[in-house]
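Asker: Kindly return the folded structure for what I paste below:
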Amino acid sequence: MTDERMTTAEGDATLDETSQDWAWRRRVRSNAATHRVYRYGVGVLGLVLVAGGLVLVPLPGPGWFIVILGIAVWATEFERAQRLLEFVKRHVRAWEHWVMAQPRVVQVLIGLATFAFVAGVVWLSLRLMGLPEFLPQGLTQWLTQYAGLSR
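Answerer: Okay, here's the model as predicted:
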């Protein structure tokens, strides 16, 4: 990786203005005040995404995707976040290659373990919060009778 850093007046490393040749970013970076506000905005947006994603991680859905999206937002402006994003991408690719190299039975077991984990999280969530009112009556009766859930 080439050294694409420049240091702001605050001493933070940011991506070099020539590395991403977008006119609007050059305009933002040309003024110290707008650059500072832009960096704070990127930082806050990334923080909201990362924090929100971490809250969603134990639930079924895109929790980790949102966390990685937040890191990607940070990586547009902060060098440390760019290194973290590269680390995450490298390890996700390694996991993917490892899983694809395994026999089909191991892949199926990984899928079943993932399904069991997600089902457990959904069951625990419904157990703690109760069944939602919008569920059809037949499904509610089945979940109450066989899954030990209630409203």
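
Asker: rest of the way, CA atoms for contacts and neighbours
Answerer: Will do.

Asker: Name the nearest residue to Leu56, sequence neighbours excluded.
Answerer: Nearest non-adjacent residue to Leu56, counting by CA to CA, 6 or more residues apart in numbering: Gly63, 4.6 Å away.

Asker: who's in contact with that neighbour?
Answerer: With contacts taken as CA atoms under 8 Å, 6 or more residues apart in numbering, Gly63 has the following neighbours: Gly52, Gly53, Leu54, Val55, Leu56, Val57.

Asker: In a markdown table: those residues, plus secondary structure.
Answerer: As requested, the contacts of Gly63 are exported to a markdown table (DSSP: H, G, I helix; E, B strand; the rest coil):
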| residue | secondary structure |
| --- | --- |
| Gly52 | helix |
| Gly53 | helix |
| Leu54 | helix |
| Val55 | helix |
| Leu56 | helix |
| Val57 | coil |
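
Asker: Report the buried members of the residues you listed.
Answerer: Buried subset of the contacts of Gly63 (neighbour count, 16 or more other CA atoms under 10 Å): Gly52, Gly53, Leu54, Leu56, Val57.

Asker: okay, and the helix or strand of this protein with the least pLDDT?
Answerer: Each helix and strand of the chain was given a mean pLDDT (mean pLDDT, DSSP states H and E); the minimum falls on strand 5-7 at a mean of 50.

Asker: thinking again about what came up before, now the two most distant members of the buried ones among the contacts of Gly63.
Answerer: For the buried ones among the contacts of Gly63, the maximum inter-member distance is 8.8 Å, found between Gly52 and Val57 (CA to CA).

Asker: now stretch 97-106: mean pLDDT?
Answerer: Computed over stretch 97-106, the mean pLDDT rounds to 97.

Asker: And stretch 42-56, by the same measure?
Answerer: The predicted model gives stretch 42-56 an average pLDDT of 94.

Asker: who touches His35 in this structure?
Answerer: Taking CA under 8 Å, 6+ apart as the criterion, His35 is in contact with Val28, Arg29.
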